[in-house]
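Participant: below are the sequence and a predicted model; questions follow.
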Amino acid sequence: MSRRSRSGRAASEPDDGVPADGVPGAQAPADGVPDGEAVADAAHPTRRTVLKAIGIGGGTVLLAGTGVVGVRAERNGVWSVGEGAPWQLWSTWQDAPGTTALVAAGALAANPHNLQPWSWAAADDGIDLYDDPTRAMPLGDPDGRERIVGYGCALANVVLAARARGLRAQVQAWPDPAEPGHIAHIALSDGPAPDAREQRLAAAISHRHSDRGPYQDAAVDAAVLDDLVSGTADRGTEDLGAEGPGAEVVWVTEPAARATLGDLYVEATAAIIADEPVSVEAFSWFRNDRAQIERYRDGLTLDCQGMSPLMLAAAKILPAQSRTSGDAYWLKSTRQVHTATAAAYGIIRVADVGSATDRLAGGQLLQQVHLAATDAGLGLQHLNQIGERVDRDRALGATDQFSERWAQVLGIPAGQALVSFRLGHPTRTPHPSPRRTLTSIGV
Ligand SMILES: Cc1cc2nc3c(=O)[nH]c(=O)nc-3n(C[C@H](O)[C@H](O)[C@H](O)COP(=O)(O)O)c2cc1C
């Protein structure tokens, strides 16, 4: 694995110290709470007005436990973030019987928009991973690039969980050419005792979450970045099924390069928002309240947007927000939080982003880096607006607006940047995202 690192100081935080006014971070245009002022009219008081009314604007907390506010607070889990059946797997996966626990580990991996687009089969000597074509975003991910990266993330978790139990797990990708929906077979056999790194990464499976909050204004040491990647190329690579040159991480830490990259993410976010069908599709995977979360146990939620506790409570108490106002907040938080407080960007580089096996290998590396970051106490958020626009332009037959500029700032040929993320020292504790039941994913 090679590393390109340009050291530098993190960009400055937004001036009020509460980035984006506590706005939810966002993967999808659907992620947010609207800017109250953007949606204000006589019938709808501004969000700011409401926040002031409940005491948040002035720094006083008056989240009343009675009346409408109390009912909505209770109903939307203001007092019980991350508690309940949709989040149980995070703490119980290790207790599942036999190899079902390994599937549970896979299901806890990062995956695009939390679609959880899979089903699984588990036997004593092997596990199978299948595509679930009903869980897809054909406009946002038109040729399944992110989807396959997500499968790679899931495989990494399975392999690490197996290793931690002294099992060897050998991944065979697309074992049956006649069945493209059969993503992988993982053969299990007795293996060596896990080494310390494998144990640490497996232990991080329960604690890894996407951190969409602001990061501290502090650089991450180059040696720490190196350590996130080193070790992923040892005996892991063979079992993880990374083929050929596999995948590597390109780090961007130098301030000018970060600033240029940040501008590209913001521009790509604006382009997604302006593309209404894509925005509508993403919004369909946003679960605004507890009832939806309990029903679907997938998608993006307010809990996972990196808001401060006060803002999260307010967002849950206020009425559900519209797609367009959520989009506006997503753009704002991309500019004022995500890119403004990124201490480093990591780009998973492969030989060919169009290759399915490269995508799978890239996802395996991505998940390992995320687990290593969790183990090191760092925050990490996937950021893929640029790649999504590249794919969308291609699907539309439109002029590619981003590939060349992206490749130029990364210093690599176009067509090799698979997925990317931002990284930094966290300021908040990210919350878990919901997961479907093991029964509903086949085991
Ligand atoms: C290939 C891929 C692309 C993703 N892209 C984004 C993104 O652009 N922005 C973002 O906030 N999260 C992104 N995510 C993170 C997912 O939304 C997240 O993994 C999912 O919601 C589950 O949450 P968790 O990671 O906290 O378990 C991506 C994840 C994967 C695997």
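Facilitator: Thanks, I have the structure now.
Participant: quick one: average pLDDT of stretch 87-103?
Facilitator: Across stretch 87-103, pLDDT averages out at 97.
Participant: give the buried residues for it.
Facilitator: 87, 89-90, 93, 96, 99-103 (16 or more other C-beta atoms under 10 Å). C-beta coordinates here come from the backbone N, C-alpha and C atoms, glycine included.
Participant: likewise stretch 148-159?
Facilitator: Under 16+ other C-beta under 10 Å, the buried positions of stretch 148-159 are 148-159.
Participant: and that stretch, anywhere near the ligand?
Facilitator: Yes. Stretch 148-159 comes into contact with the ligand (C-beta under 6 Å from any ligand atom), by way of 149-150, 153.
Participant: closest to Gln368 among the buried residues of stretch 87-103?
Facilitator: Taking C-beta to C-beta as the measure, Gln368 lies nearest Leu102 of the buried residues of stretch 87-103, at 16.1 Å.
Participant: His209 and Arg428 touch, don't they?
Facilitator: No. Using C-beta atoms under 8 Å, His209 is not in contact with Arg428; the gap is 10.7 Å.
Participant: who has more neighbours out of the two?
Facilitator: Ranked by neighbour count (other C-beta atoms under 10 Å), His209 and Arg428 place His209 first, with 23 against 16.
Participant: which SSE is the closest residue to the more buried one other than its chain neighbours in?
Facilitator: Nearest residue to His209 in three dimensions, chain neighbours excluded: Pro430, at 4.0 Å (C-beta to C-beta, 6 or more residues apart in numbering). Of the helices and strands defined by DSSP states H and E, none includes Pro430.
Participant: so Ala219 sits in a helix?
Facilitator: No. Under DSSP: H, G, I helix; E, B strand; the rest coil, Ala219 falls outside any helix and is assigned coil.
Participant: that one contacts Ala342, doesn't it?
Facilitator: No. If you go by C-beta under 8 Å, Ala219 and Ala342 don't touch, sitting 11.0 Å apart.
Participant: which one of the two is surrounded by more residues?
Facilitator: For Ala219 versus Ala342, neighbours defined as other C-beta under 10 Å are more numerous around Ala342 (26 against 18).
Participant: tell me if the more buried one really is in a helix.
Facilitator: No. Ala342: not assigned to a helix; according to three-state DSSP it is coil.
Participant: okay, strands next: where are they in the stretch 301-443 of the chain?
Facilitator: Taking DSSP state E, counting those that start in this stretch as the criterion, the stretch 301-443 of the chain carries its strands at 344-350, 379-382, 417-424.
Participant: relative to Thr301, how far out is the residue nearest to His209?
Facilitator: 12 Å (C-beta to C-beta, to the nearest Å).
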